[in-house]
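A.B. asks: Pasting a predicted model and its sequence here:
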Amino acid sequence: MPTAEDIQHRIESAIPDARASVEDWTGGGDHFRATVVSPVFAGKTRIEQHRMVYAVFGDEIGGPIHALSLTTKAD
């Protein structure tokens, strides 16, 4: 099971200049809430921004990471 810290590190490693804050939403290790800020989000729709973050995890979304609630912002 990934931890909030694992998810944060993966996001920050995969998305240029990203700053991520991740919390285990329910304490069960499979529902997470993340806020991700990156300049690469500028000019992209919210859907495009979220897809960029979800792409970091691929098939893990809906599997080991049952849910990942996102807030994304351009910096």
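C.D. replies: Noted; the coordinates are in hand.
A.B. asks: What segments of the chain are helices?
C.D. replies: 4-14, 46-55 (DSSP state H).
A.B. asks: How about residues contacting the longest one?
C.D. replies: This points to helix 4-14. Residues outside helix 4-14 that contact it (CB atoms under 8 Å, 6 or more residues apart in numbering): 18-24, 32, 34, 36, 53, 56-57, 65, 68. All C-beta atoms are positioned from the backbone trio N, CA, C, and that covers glycine.
A.B. asks: Adding mean pLDDT, write the helices of the chain out as TSV.
C.D. replies: Below are these laid out as TSV (pLDDT from 0 to 100):
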stretch	mean pLDDT
helix 4-14	98
helix 46-55	98
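A.B. asks: any idea how far the residue nearest the centre of the chain lies from residue 71?
C.D. replies: Closest residue to the average C-alpha location of the chain: residue 53 at 4.9 Å, with CA atoms, centre = their mean. Separation of residue 53 from residue 71 (CB to CB, to the nearest Å): 10 Å.
A.B. asks: so what's in contact with these two at the same time?
C.D. replies: 34, 36.
A.B. asks: Tell me who's in contact with residue 3.
C.D. replies: For residue 3, the contact set (CB under 8 Å, 6+ apart) comprises 24, 29.
A.B. asks: confidence score at it?
C.D. replies: At residue 3, the pLDDT value in this model is 96.
A.B. asks: Now do the contacts for the residue nearest to the centre of the chain.
C.D. replies: Contacts of residue 53 were listed using CB under 8 Å, 6+ apart, and they are 11, 15, 34, 36, 68, 70, 72.
A.B. asks: If you drop the residues flanking it in sequence, what lies closest to residue 71?
C.D. replies: Distance criterion CB to CB, 6 or more residues apart in numbering; nearest residue to residue 71, sequence neighbours excluded, is residue 35 at 4.5 Å.
A.B. asks: Lovely, talk soon.
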